[in-house]
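Enquirer: No sequence on hand, only this structure:
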């Protein structure tokens with residue numbers, strides 16, 4: 001049951017110009033504490049240390065995903081496509097709005113170190129004792145479970161899932177445009193209006209009219225460029241590494257019984273692995289950075305140094321490697337010990353393959369881990385996977401060219417450069 005507002009609400013937005021809210025349920029969801037918390041979580045994690053404009057939040061991105069979903073559905077309704085189930089509109093809008101509500105501070109970096117699944121937390125917020133759950137239950141007692149099943153990609157109607165989670169979904173389309181805008185680059189720009197016009201609901205799927213192939217090529221090329229130029233930028237990877245090391249060091253100290261001079265209950269529960277929903281919802285980037293500020297004065301030298309580095313952007317230098325040479329890396333670890341550095345914290349080899357962002361993949365794996373491919377619908381109503389007809393997409397589909405980088409504190413290594421092997425000096429360009 002849809003309940004429309006007496007007067008439409010409008011958010012001004014730098015990407016979509018205006019975001020329109022007509023449903024009372026959507027408006028109430030936006031005003032819940034759980035959704036408002038997303039204002040305090042950056043969309044791009046630590047990328048603001050690389051691109052100073054990247055201060056946009058999960059809140060603004062979530063509104064953008066909602067708006068793109070609303071536009072897609074409006075286009076389906078205007079054209080009266082028989083394959084669009086009109087009764088699923090409110091569910092689709094709510095799922096698109098809430099798809100990221102479970103993200104924690106610094107998002108994916110936090111997930112990696114503490115093995116947190118933001119989709120699981122999203123579902124707990126939707127199904128738990130929260131303002132979000134109470135608003136959703138106003139629609140129907142089963143409505144929260146339906147929204148959660150869309151987030152889990154298990155909803156009975158796959159076309160609803162495709163709107164929020166596919167290789168051409170509202171989530172990706174918004175974050176590419178939004179991230180490009182706030183990082184100040186042109187890589188992520190594409191013709192959103194054209195893509196929205198050529199989307200079609202067809203036999204339980206969302207497909208692309210064949211004449212729109214070139215607009216989708218542009219979208220996928222933008223995604224490819226953003227992947228390598230923004231999301232995998234080596235400076236951002238450096239700040240991610242330091243962030244992960246801070247939490248790894250804090251976890252080690254906590255497990256050893258170390259007495260922290262400053263500790264907030266949600267952070268303590270995070271370190272102990274016992275965090276529940278109430279404390280998880282208190283976690284935001286303001287709390288984490290306040291904690292880092294205090295920890296920068298802790299007696300533990302490694303923790304204090306890492307926190308100071310993160311807060312003051314004193315990041316590790318990086319050098320590209322041809323491969324992960326384990327023999328040489330073992331030598332470097334020994335050299336680090338000789339010059340008074342900690343090899344577990346003052347050196348890390350990284351490749352961007354663990355990033356949540358990906359380039360286009362033509363086929364879904366049998367285990368369901370890959371999202372279904374983009375399908376073209378021709379005039380004979382035949383479906384073809386897009387890379388079969390597009391040489392451009394075929395050339396970039398599933399392409400991996402990630403480099404290895406070694407990261408280290410240059411200012412602590414340089415005074416001891418004469419003690420390092422010639423191979424180490426050469427590879428580190430010292």
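Expert: Cool, the structure landed. This structure is a prediction, so every number in the text was calculated from the model and none was measured. Numbering: from 1, shown residues only.
Enquirer: what's near enough to touch residue 207?
Expert: By CB atoms under 8 Å, 6 or more residues apart in numbering, the contact set of residue 207 is 199, 200, 201, 374, 375, 376, 377, 383. For every residue, glycine as well, the C-beta is placed using N, CA and C.
Enquirer: Is it in a helix, a strand, or coil?
Expert: Applying DSSP: H, G, I helix; E, B strand; the rest coil to residue 207 yields a three-state assignment of strand.
Enquirer: Out of the contacts of residue 207, which is nearest to residue 417?
Expert: Among these, residue 374 lies closest to residue 417 (CB to CB), at 50.7 Å.
Enquirer: Around the closest one, how many other residues sit close by?
Expert: For residue 374, the count of nearby residues is 23 (other CB atoms under 10 Å).
Enquirer: Now it: closest residue in space that isn't a chain neighbour?
Expert: Take residue 374 and drop its neighbours on the chain: the residue closest to it by CB to CB, 6 or more residues apart in numbering is residue 386, 4.5 Å away.
Enquirer: Could you turn the buried ones of the contacts of residue 207 into a ChimeraX selection?
Expert: Selection command for ChimeraX covering only the buried members of the contacts of residue 207, criterion 16 or more other CB atoms under 10 Å:
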select :199,200,201,374,375,376,377
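Enquirer: any idea which of the contacts of residue 207 is closest to residue 397?
Expert: Closest approach to residue 397 among these (CB to CB): residue 374, at 10.1 Å.
Enquirer: Now do that closest one against residue 156, distance only.
Expert: 23 Å (CB to CB, to the nearest Å).
Enquirer: now do residue 106
Expert: Counting by CB to CB - residue 106 and residue 156 are separated by 35 Å.
Enquirer: Same question for residue 235.
Expert: Going from residue 235 to residue 156 by CB to CB gives 44 Å.
Enquirer: Please apply the same query to residue 184.
Expert: Distance, residue 184 to residue 156, by CB to CB: 43 Å.
Enquirer: show me where this structure has strands.
Expert: 4-13, 17-23, 199-202, 205-209, 317-321, 348-350, 375-377, 383-385, 404-408 (DSSP state E).
Enquirer: Output those as JSON lines; include the columns distance to residue 71.
Expert: JSON lines is the format used below for these (distance: least, CB to CB, whole Å):
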{"stretch": "strand 4-13", "distance to residue 71": "12"}
{"stretch": "strand 17-23", "distance to residue 71": "9"}
{"stretch": "strand 199-202", "distance to residue 71": "10"}
{"stretch": "strand 205-209", "distance to residue 71": "13"}
{"stretch": "strand 317-321", "distance to residue 71": "40"}
{"stretch": "strand 348-350", "distance to residue 71": "38"}
{"stretch": "strand 375-377", "distance to residue 71": "19"}
{"stretch": "strand 383-385", "distance to residue 71": "23"}
{"stretch": "strand 404-408", "distance to residue 71": "40"}
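Enquirer: tell me the domain boundaries of the protein?
Expert: Residue ranges for the domains of the chain, per automatic domain parsing: 4-232+376-396, 233-315, 316-359+405-430.
Enquirer: Which positions in the worst-scoring helix or strand of the chain on mean pLDDT come out as buried?
Expert: Taking mean pLDDT, DSSP states H and E as the measure, the chain has helix 107-114 as its least confident helix or strand, at a mean of 82. Buried positions in helix 107-114, judged by neighbour count with 16+ other CB under 10 Å: 107, 108, 109, 110, 111, 113, 114.
Enquirer: The residue found closest to residue 394 once you drop the neighbours it is linked to in the chain: how many residues sit nearby?
Expert: Of all residues not flanking residue 394 in the chain, residue 387 sits nearest, at 4.4 Å (CB to CB, 6+ apart). Residues lying near residue 387 (other CB under 10 Å) number 21.
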